[in-house]
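Colleague: model the structure of this input:
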Amino acid sequence: MDDFKQIGRDRVVPIGLGTWGIGGKSYPDSSKDSEMIKIIKFALQSGLKLIDTAEFYAQGHTEELVGKAIKDFERESVFVISKVWYTHLEREQVIKAAENSLKRLDTPYIDLYLIHWPNERVPLRETLSAMQRLIDDGKIKYAGVSNFDIGLLKKAREEMPRSDIVANEIRYSLLYREAEKELMPYCKREKIALIAYTPLEKGLISGDTFLNKIGQKYNKTAAQVALNWLISNDTIAIPKSEKVAHIKENAGAMGWKLLQEDFNAISEKYS
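Modeller: Next comes the predicted model:
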């Protein structure tokens with residue numbers, strides 16, 4: 001079945017790999033570099049050809065590991081998302097941050113570049129004029145935002161009329177459904193991709209008995225059911241994983257679809 005989602009003009013897989021914690025968290029940790037590069041490669045080989053990273057992750061070291069991992073793949077076959085930190089949103093800072101990310105990723109372009117968090121001290125117009133410049137220069141393909149509510153998202157779109165905002169990355173899961181009130185209907189209507197981080201709520205969902213029971217019908221785990229529910233709901237999910245078993249499990253959430261009755265039962269149970 002055709003699982004693909006749309007980001008801008010690109011068709012992308014509905015489940016990718018979140019990389020927070022790979023190569024360190026707030027600080028770099030090089031102790032497992034070779035293992036982490038193998039993990040990212042394994043995710044790509046398993047079909048999770050969308051990688052989400054950020055300059056903030058391990059002070060850029062995560063991007064370096066992603067760059068080393070994607071070298072063995074055709075660049076066009078991998079969709080790379082990175083983010084500029086909220087303290088770097090002035091015009092020249094955005095351009096410099098993107099160029100530094102490109103160096104660490106060792107790639108000629110970033111597919112989707114996001115404002116990681118809003119910063120009310122810097123006018124959106126200034127940040128987004130820099131994003132437009134990066135698009136014009138071929139350094140990024142698309143601009144997007146992360147953690148923006150509907151009001152800020154609309155404002156951002158007004159400040160970037162030529163290229164538009166193609167995606168909003170937010171926290172969204174079966175247990176955290178705030179986005180469904182206003183943001184999700186708006187994004188669906190306007191064809192803005194919604195990317196869900198923390199889609200498994202740091203493992204909380206994995207042992208859920210209700211989801212396990214539904215999963216038995218499809219020979220799937222609770223986590224796979226939860227992810228399939230998300231992607232059936234017009235969302236791209238980026239579960240974070242550092243383990244082969246979890247990556248296999250996440251990849252197994254694609255290529256099939258919950259029956260409508262099960263989708264509805266799950267939606268109601270966690271409403």
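Colleague: doesn't F210 make contact with A226?
Modeller: No. With contact defined as C-beta atoms under 8 Å, A226 does not reach F210; the gap is 10.4 Å. Backbone N, C-alpha and C define where each C-beta goes, glycine included.
Colleague: neighbour count winner among these two?
Modeller: A226 (28 against 14; other C-beta atoms under 10 Å).
Colleague: tell me how far the more buried one lies from Y172.
Modeller: Distance of A226 to Y172, computed by C-beta to C-beta, to the nearest Å: 11 Å.
Colleague: list residues touching both of those two?
Modeller: P199 (C-beta atoms under 8 Å, 6 or more residues apart in numbering).
Colleague: tell me, what's touching A226 and F210 both at once?
Modeller: With C-beta under 8 Å, 6+ apart, A226 and F210 have no common neighbours.
Colleague: what about the helices in the stretch 1-150 of the chain?
Modeller: Counting by DSSP state H, counting those that start in this stretch, the stretch 1-150 of the chain has helices at residues 33-45, 61-70, 91-105, 124-136, 150-158.
Colleague: most tightly packed of those?
Modeller: Mean neighbour count (mean count of other C-beta atoms under 10 Å) peaks for helix 61-70 among those, with a mean of 24.
Colleague: show me what that one is packed against.
Modeller: helix 33-45, strand 50-52, strand 79-84, helix 91-105 (3 or more C-beta pairs under 8 Å, 6 or more residues apart in numbering; DSSP states H and E).
Colleague: what's the spacing between the residue lying closest to A196 once chain neighbours are set aside and I231?
Modeller: Closest residue to A196 apart from its sequence neighbours, by C-beta to C-beta, 6 or more residues apart in numbering: Y172 at 3.9 Å. According to C-beta to C-beta, Y172 and I231 sit 11 Å apart.
Colleague: in contact with the residue of the chain most remote from its centre, which residues?
Modeller: The outermost residue of the chain relative to its centre, with distances by C-alpha atoms, centre = their mean, is K217 at 28.8 Å. Taking C-beta under 8 Å, 6+ apart as the criterion, K217 is in contact with D262.
Colleague: and it, which of the three is it?
Modeller: helix (DSSP: H, G, I helix; E, B strand; the rest coil).
Colleague: distance of it from A251?
Modeller: Distance from K217 to A251, by C-beta to C-beta: 20 Å.
Colleague: would you mark the buried spots in stretch 161-175?
Modeller: 163, 165-170, 172-174 (16 or more other C-beta atoms under 10 Å).
Colleague: rounded mean pLDDT for that stretch, please.
Modeller: For stretch 161-175, mean pLDDT rounds to 97.
Colleague: ok, for G138, nearest residue in space, not its chain neighbours?
Modeller: Y109 (6.1 Å).
Colleague: just checking, R177 touches K269?
Modeller: No. With contact defined as C-beta under 8 Å, R177 and K269 do not form a contacting pair (11.8 Å).
Colleague: what about T107, distance to L50?
Modeller: 14 Å.
Colleague: neighbour count: those two, which is higher?
Modeller: L50 (27 against 20).
Colleague: next one, pLDDT for that one please.
Modeller: Taking L50 on its own, its pLDDT is 98.
Colleague: how far away is it from N264?
Modeller: The value you get for L50 to N264, if C-beta to C-beta is used, is 28 Å.
Colleague: kindly confirm my reading that I236 is in a strand.
Modeller: Yes. Membership of I236 in a strand is supported by three-state DSSP.
Colleague: what bridges to the closest residue to it other than its chain neighbours?
Modeller: Closest residue in space to I236, ignoring its immediate chain neighbours: I195 at 4.7 Å, by C-beta to C-beta, 6+ apart. Assessed by DSSP bridges, I195 has beta-bridge partners E169, I236.
Colleague: quick one, phi/psi of the residue nearest to A226 when sequence neighbours are not counted?
Modeller: Once flanking residues are discounted, A226 sits nearest to I205: 4.6 Å by C-beta to C-beta, 6+ apart. Phi and psi for I205, reported as degrees, to the nearest 10, are phi -80, psi -30.
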